[in-house]
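**Student:** sequence-free structure coming up:
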């Protein structure tokens, strides 16, 4: 509660908006690491590999924290589905400014399909009753770009995907979201509660400072299982084979335009 002293001795109180934001975060291989295929070709090498928060999820956390700093939101709750090591990802989110976290323990999280993830997030949302769910538009490992849309359908909430700007309006009753689309930018209005997925240019995430990293270790983390949330542990997807992409062939130098056109027409067959 913020106190403002106005003219003529009148005292006014500004009460922060009671708006909870639920933010999904995922533990993935760091985007700067070269991914290597396992020897059995059934997946990628995860042992002794640097892991990090999914970049789009980090953008979602940053946006939620900024909304709280503006006084628009009152609480930011981070949620992650994954093994015990996913706790590091949640600690990172809390070091950025999330107030607490929910960890849905699942050692085989890589086998979950987007619909199962959406069902888990729906169950968490029903427990937490947020006014907004913020997710990255996709994870850089699976690249599905489906979870936010499916969660919106399961909850029966409006959705705004690929957000590059989020503005809260009408006293937290609605939001205006600028979306990145093929033709440029599109602005949509959604009533809250809603599901919003973040694009790359929404913001620049902050670095977690050492004092905040230490504070994050003391913040509350609730541990749940899929069974606790009433979601069936059934695997719908089996990875049959993973292969490295073919190596690019070296380019060639041509003597002039005529030689270039000849090769494009007769060798590449693109003209």
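**Tutor:** Good, I have the coordinates. This one's a predicted model, so the numbers in the text were calculated from it and none came from an experiment.

**Student:** where along this structure do the strands fall?
**Tutor:** 2-5, 11-14, 20-24, 27-29, 51-53, 75-82, 100-105, 132-136, 159-169, 174-181, 184-191, 194-198, 221-225 (DSSP state E).

**Student:** Can you report the mean pLDDT over the residues of the last one?
**Tutor:** Strand 221-225 carries an average pLDDT of 96.

**Student:** same for that strand, what does it pack against?
**Tutor:** strand 100-105 (3 or more CB pairs under 8 Å, 6 or more residues apart in numbering; DSSP states H and E). C-betas here are computed from N, CA, C, even on glycine.

**Student:** about what we covered before: I'd like the strands of the chain laid out as JSON lines, including mean neighbour count.
**Tutor:** Output for the strands of the chain, formatted as JSON lines (neighbours: other CB atoms under 10 Å):
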{"stretch": "strand 2-5", "mean neighbour count": "8"}
{"stretch": "strand 11-14", "mean neighbour count": "8"}
{"stretch": "strand 20-24", "mean neighbour count": "26"}
{"stretch": "strand 27-29", "mean neighbour count": "21"}
{"stretch": "strand 51-53", "mean neighbour count": "20"}
{"stretch": "strand 75-82", "mean neighbour count": "26"}
{"stretch": "strand 100-105", "mean neighbour count": "20"}
{"stretch": "strand 132-136", "mean neighbour count": "28"}
{"stretch": "strand 159-169", "mean neighbour count": "19"}
{"stretch": "strand 174-181", "mean neighbour count": "18"}
{"stretch": "strand 184-191", "mean neighbour count": "12"}
{"stretch": "strand 194-198", "mean neighbour count": "27"}
{"stretch": "strand 221-225", "mean neighbour count": "14"}
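
**Student:** Nearest to residue 35 among the ones you listed would be which one?
**Tutor:** Ranking these by proximity to residue 35 (CB to CB) places strand 27-29 first, at 6.0 Å.

**Student:** Direction included, what does the closest one pair against?
**Tutor:** As defined by DSSP bridges, the strand partners of strand 27-29 come to strand 51-53 (antiparallel).

**Student:** Residue 55: what's it in contact with?
**Tutor:** Residues near residue 55 by CB atoms under 8 Å, 6 or more residues apart in numbering: 31, 136, 140, 200.

**Student:** Closest one to residue 38 out of these, please.
**Tutor:** Looking across the contacts of residue 55 and measuring by CB to CB, the closest to residue 38 is residue 140, at 18.4 Å.
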